[in-house]
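Student: Okay, here's the prediction I keep looking at, along with the sequence it came from:
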Amino acid sequence: MTDFTPWPENLAQLYRQKGYWIDKPLTHGLRDRAALSPDSTAIICGNRAFTYAEVDRMSDALAGRLLAKGVKPGDHAVVQLPNCAEFYITFFALLKAGVMPVNALFNHRALELRSYVEQLQPTLLIAARTHPLFKDDAFASELRDIAPTLAQVIYLGDGDPDQDLTAWLTATQDAPSLPECDPAGVAFYQLSGGSTGTPKLIPRTHNDYDYSIRASAEICALTPQTRFLCALPAPHNYVMSSPGALGVFYAGGTVVMADNPDPNLCFGIIEQHGVTMAALVPSAVGLWLEAVREGTPASKSLEVLQVGGASFAEALARQVPALLGCQLQQVFGMAEGLVNYTRFDDPEERIFTTQGRPISEDDEVRVRNADGYDCAVGEPGQLWVRGPYTFRGYFRSPEHNKSAFDAEGFYFSGDLVQRDADGYLRVVGRVKDQINRGGEKIAAEEVEGLLLRHPEVLEAALVAQPDDRLGERGCAILVTRNPLRPVELRRHLMGLGIAEYKLPDKFIFVETMPLTAVGKINKRVLRNTILETQ
Ligand code: AMP
Ligand code: DBH
């Protein structure tokens with residue numbers, strides 16, 4: 001079972017030749033900025049501000065102390081922090097120490113964390129005392145049973161300086177000696193929205209991720225004057241790298257943190273800190289537009305609003321410049337790699353009606369019909385892609401990799417797209433068994449598996465139901481032995497430790513499931529008949 005599937009040598013060579021892969025550690029942007037403009041503000045987090053020099057020094061300190069405590073280059077870490085400056089400082093520290101983290105979302109619960117710990121067998125866990133699972137030490141001990149390797153646990157907000165993250169960030173010595181980095185190797189694991197029973201991990205290398213960040217920073221015209229609002233969960237690939245916080249650090253700008261995208265919170269932060277750019281999912285844009293319609297003045301400083309993560313209705317897209325007084329940029333990306341942007345000099349029509357075109361001229365995008373043949377321009381088909389920052393295999397998932405990739409290493413994202421003559425894509429549907437709930441992805445199979453663990457549940461299917469606010473919501477359709485109440489099923493799922501956003505919004509009970517010719521539950525029929533009538 002491979003941890004990481006490398007690109008074939010001929011392509012790796014091409015990517016270096018073209019200057020995409022520059023064989024530098026992913027921390028080089030921060031290092032360069034700390035040298036060039038040490039006193040510029042890198043992060044604003046509540047009433048705290050951190051300069052580039054401070055972020056660099058604090059991440060050095062943490063890296064040095066971790067290594068001194070026996071954490072080794074090549075080790076894995078599981079990190080779960082809220083949206084705060086420490087999230088980035090910790091990320092840089094781990095990369096500097098050669099430790100490969102996965103950054104769990106803050107709304108992940110026991111089930112997700114157990115899975116990451118089980119898969120990665122980390123030596124290090126960094127979590128927050130404000131998270132319900134980490135109020136005391138019980139869950140960390142449970143995780144130690146799953147991964148006996150887990151020797152070091154540090155908490156944000158712990159009373160004991162020996163295990164308090166903030167204390168570990170304070171330099172006690174001069175710059176520590178740090179290990180050499182292999183830029184062709186894995187930097188960290190990104191989370192996949194997934195469509196299978198267990199959450200899949202995506203190995204991202206220094207070279208590939210760094211390229212996507214540099215190129216994104218250029219496409220999005222970031223400068224040291226950029227003030228970027230990070231109001232989506234910080235570990236999300238979108239706000240990390242498209243161009244996200246890492247793009248902003250590379251360009252020497254400022255990342256302004258917000259807990260969530262609520263306009264009541266964000267409009268004030270934007271005003272206070274002169275935010276110039278924000279990244280949102282469509283459901284949040286809906287709330288921002290509504291706030292302005294109801295009389296809240298739009299921000300004067302905001303120049304660009306990025307929208308991505310889920311389908312964005314054209315009617316809403318058209319309202320963005322008029323109501324929010326800024327440019328719209330549509331972003332269609334995936335933690336697995338490929339990212340598309342509309343460009344600032346595109347005609348408005350294109351910005352309103354497409355999800356952009358790929359970052360790189362060497363992103364090889366194929367739109368294929370169900371038989372595997374290339375589609376004509378404009379014809380909807382399956383999106384397959386390979387390129388300089390699209391991964392080549394999930395972490396230790398040989399079976400799944402067989403179906404996710406073709407023989408030439410093209411990755412099938414599960415999206416249905418239309419491509420125009422200029423390479424601009426429009427996302428028109430999906431074949432993966434996933435619910436996109438306001439940008440939060442839910443793998444149907446995972447929730448179905450958990451529902452089936454209830455003794456009264458005989459059959460279970462999770463399907464997407466259109467929703468005005470979220471775009472889609474999850475609807476569980478069930479055959480049960482005896483009548484059950486939704487509250488019992490919710491309690492059952494929460495008892496298994498599932499993240500709350502994965503809970504079905506609705507439960508429907510049926511006598512029998514419609515089946516396909518081969519005897520699988522026919523979700524198309526469920527969607528078209530049962531949901532239509534509810
Ligand atoms: P993930 O696997 O969690 O990184 O999610 C990536 C998926 O989100 C893509 O494969 C799409 O299904 C969806 N997605 C991302 N951006 C957009 C967008 N702008 N429009 C429609 N779907 C999107
Ligand atoms: O939804 C996503 O995963 C996503 C959206 C926009 C993404 O990973 C990205 C940009 O990089």
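Tutor: In hand now; what should we look at? Ligands and ions are numbered 1, 2, ... in the order given.
Student: Please count neighbours and contacts with C-alpha atoms only from this point.
Tutor: Will do.
Student: how close does the residue of the stretch 151-300 of the chain found nearest ligand 2 get to Gln190?
Tutor: Nearest residue of the stretch 151-300 of the chain to ligand 2: Tyr238, at 3.5 Å (Cα to the nearest ligand atom). Separation of Tyr238 from Gln190 (Cα to Cα, to the nearest Å) stands at 11 Å.
Student: what's the answer for His131, then?
Tutor: His131 is 21 Å from Gln190, by Cα to Cα.
Student: ok, those two, which is more surrounded?
Tutor: Between His131 and Gln190, Gln190 has the larger neighbour count (other Cα atoms under 10 Å), namely 22 against 17.
Student: my hunch is that that one is in a strand, does that hold up?
Tutor: Yes: if the criterion is DSSP: H, G, I helix; E, B strand; the rest coil, then Gln190 is within a strand.
Student: Leaving out chain neighbours, which residue sits closest to it?
Tutor: Ile202 (4.9 Å; Cα to Cα, 6 or more residues apart in numbering).
Student: Please apply the same query to Leu462.
Tutor: The spatial neighbour of Leu462 that comes closest, neighbours along the chain excluded (Cα to Cα, 6+ apart), is Ala476 at 4.4 Å.
Student: Arg129 too?
Tutor: The nearest residue in space to Arg129 (Cα to Cα, 6+ apart) is Lys135, at 5.1 Å.
Student: Read off the pLDDT value for the one you found.
Tutor: At Lys135, the model reports a pLDDT of 98.
Student: Which residues of the stretch 251-400 of the chain lie near ligand 1?
Tutor: Within the stretch 251-400 of the chain, the positions near ligand 1 by Cα under 6 Å from any ligand atom are Gly308, Gly309, Ala310, Ser311, Val331, Phe332, Gly333, Met334, Ala335, Gln355.
Student: how far away is the residue nearest to Arg129 from ligand 2?
Tutor: Using Cα to the nearest ligand atom, to the nearest Å, Lys135 is found at 30 Å from ligand 2.
Student: Might one say that that residue is in contact with Ala127?
Tutor: No: with contact defined as Cα atoms under 8 Å, Lys135 does not count as touching Ala127 (10.1 Å).
Student: Could you check which of those two is surrounded by more residues?
Tutor: Per other Cα under 10 Å, whichever of Lys135 and Ala127 has more neighbours is Ala127, with 25 against 13.
Student: what does the stretch 401-534 of the chain put close to ligand 1?
Tutor: Checking the stretch 401-534 of the chain against ligand 1 by Cα under 6 Å from any ligand atom, the hits are Ser413, Asp415, Val427, Lys441.
Student: Can you tell me the SS state at the last one?
Tutor: Here Lys441 takes the strand state, with states given by three-state DSSP.
Student: any idea where the strands of the stretch 351-500 of the chain begin and end?
Tutor: Here the stretch 351-500 of the chain has its strands, by DSSP state E, counting those that start in this stretch, at 357-358, 364-368, 381-386, 411-419, 425-430, 434-437, 440-443, 457-467, 471-480.
Student: Relative to Pro282, which of those strands is closest?
Tutor: strand 471-480 (8.0 Å; Cα to Cα).
Student: Strand partners (parallel or antiparallel) of that closest one?
Tutor: strand 457-467 (antiparallel), strand 506-509 (parallel) (DSSP bridges).
Student: now what about it, what contacts it?
Tutor: 283, 310-311, 435-438, 456-467, 502-513 (Cα atoms under 8 Å, 6 or more residues apart in numbering).
Student: Recalculate using a threshold of 7 Å.
Tutor: The contact list for strand 471-480, computed with Cα atoms under 7 Å, 6 or more residues apart in numbering, reads 283, 435-438, 456-467, 504-512.
Student: so how far is that strand off the chain centroid?
Tutor: In terms of Cα atoms, centre = their mean, to the nearest Å, the centre of strand 471-480 is found 24 Å from the chain centre.
Student: my guess is Arg396 meets Gln119, correct?
Tutor: No: assessed by Cα atoms under 7 Å, Arg396 is found out of contact with Gln119, at 8.2 Å.
Student: three-state assignment of the residue nearest to Gln190?
Tutor: strand.
Student: That one contacts Tyr389, doesn't it?
Tutor: No: with contact defined as Cα under 7 Å, Ile202 does not reach Tyr389; the gap is 11.7 Å.
Student: Looking at the two, which is more packed in?
Tutor: A count of neighbours by other Cα under 10 Å puts Tyr389 above the other of Ile202 and Tyr389, at 28 against 25.
Student: residues near Asp174, how many?
Tutor: 10.
Student: in what helix or strand does it lie?
Tutor: For Asp174, there is no host helix or strand (DSSP states H and E).
Student: low-scoring stretches of the stretch 1-150 of the chain, by residue?
Tutor: Filtered on pLDDT under 70, the stretch 1-150 of the chain yields no residues whatsoever.
Student: tell me the contacts of the residue in it that ligand 1 sits nearest to?
Tutor: Here the stretch 1-150 of the chain gets closest to ligand 1 at one residue, Leu105, 11.5 Å apart by Cα to the nearest ligand atom. Listed by Cα under 7 Å, 6+ apart, the contact partners of Leu105 are Gln80, Pro233, Pro235.
Student: Got the phi and psi for it?
Tutor: Here is the backbone geometry of Leu105 (degrees, to the nearest 10): phi -70, psi 150.
Student: Ok, Ala110 next?
Tutor: phi -50, psi -40.
Student: Intersect the residues of the stretch 251-400 of the chain next to ligand 1 with the contacts of ligand 2.
Tutor: Checking these against ligand 2 (Cα under 6 Å from any ligand atom), the matches are Gly308, Gly309, Val331, Phe332, Gly333, Met334, Ala335.
Student: Pipe those into a markdown table and attach secondary structure, neighbour count and pLDDT per row.
Tutor: Listed next are those as a markdown table, based on DSSP: H, G, I helix; E, B strand; the rest coil; neighbours: other Cα atoms under 10 Å; pLDDT from 0 to 100:
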| residue | secondary structure | neighbour count | pLDDT |
| --- | --- | --- | --- |
| Gly308 | strand | 22 | 98 |
| Gly309 | coil | 24 | 97 |
| Val331 | strand | 27 | 98 |
| Phe332 | strand | 24 | 98 |
| Gly333 | strand | 21 | 98 |
| Met334 | strand | 19 | 98 |
| Ala335 | coil | 22 | 98 |
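Student: Test my guess that Ala245 contacts Val239.
Tutor: Yes: Ala245 lies in contact with Val239 (Cα under 7 Å); the separation is 6.2 Å.
Student: Comparing those two, which shows the higher neighbour count?
Tutor: Ala245 (30 against 23).
Student: For that one, give me its contacts.
Tutor: Contacts of Ala245 by Cα under 7 Å, 6+ apart are Val239, Val255.
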